[in-house]
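**Student:** Sequence first, then the predicted structure:
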Amino acid sequence: MTPVDEDRLERIRGNADYAVKILSEARGEPVDYDLESITWVEGFIERARKRYAEGGVPESLVSTIGCYLGEAIIAEADGQWVDDEAHGPGVLFSNGDAVFPLTKVGKQFEQGLEQGESILSFYTVAVSYIAIGGLRAAEAAEEAS
């Protein structure tokens, strides 16, 4: 994994800002990088899935919301954007673990909540478990037993 360059970082943040703008308009009140807003965005994705059921979801929508989700994770858990050859853009935490919000948004659009794909649970696990080393602690405990 390599840190994204400044130009790419600017585009990612621009996409996230654009997401906040269009999602706020759709919601009729401000969307922020917080848990309450992410909860609403998850519902937005579920409603949008129905509209795009026949023709497929535009990749630009998945990317824009994915950038927003990544910025929300960074705002709460202090990570940095990276490029991963296998997974694409992701958020790397100081402990070396990473999450891939664009991939997760795509999965929720494709499979939905009924198949277990939730950006809200992804966000919660990322900031309250993965970012603080929960995966590493679980792996160490498993290896010790």
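**Tutor:** Structure received. Residues are numbered from 1 along each chain as shown.

**Student:** Can you show me the helices along the protein?
**Tutor:** Counting by DSSP state H, one finds helices in the chain at the ranges 6-27, 35-51, 59-77, 101-111, 119-125, 134-144.

**Student:** Quick one: those as TSV, columns for mean neighbour count and distance to Asp83 too.
**Tutor:** All C-beta atoms are positioned from the backbone trio N, CA, C, and that covers glycine. Listed next are the helices of the chain as TSV, based on neighbours: other C-beta atoms under 10 Å; distance: least, C-beta to C-beta, whole Å:
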stretch	mean neighbour count	distance to Asp83
helix 6-27	15	8
helix 35-51	16	24
helix 59-77	21	12
helix 101-111	21	11
helix 119-125	19	19
helix 134-144	11	21
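
**Student:** quick one: which of the ones you listed has the weakest pLDDT on average?
**Tutor:** Here the helices of the chain differ in mean pLDDT, and the lowest is helix 134-144 at a mean of 61.

**Student:** out of the helices of the chain, which comes closest to Phe93?
**Tutor:** The minimum distance between Phe93 and those falls on helix 59-77, with 6.4 Å, by C-beta to C-beta.
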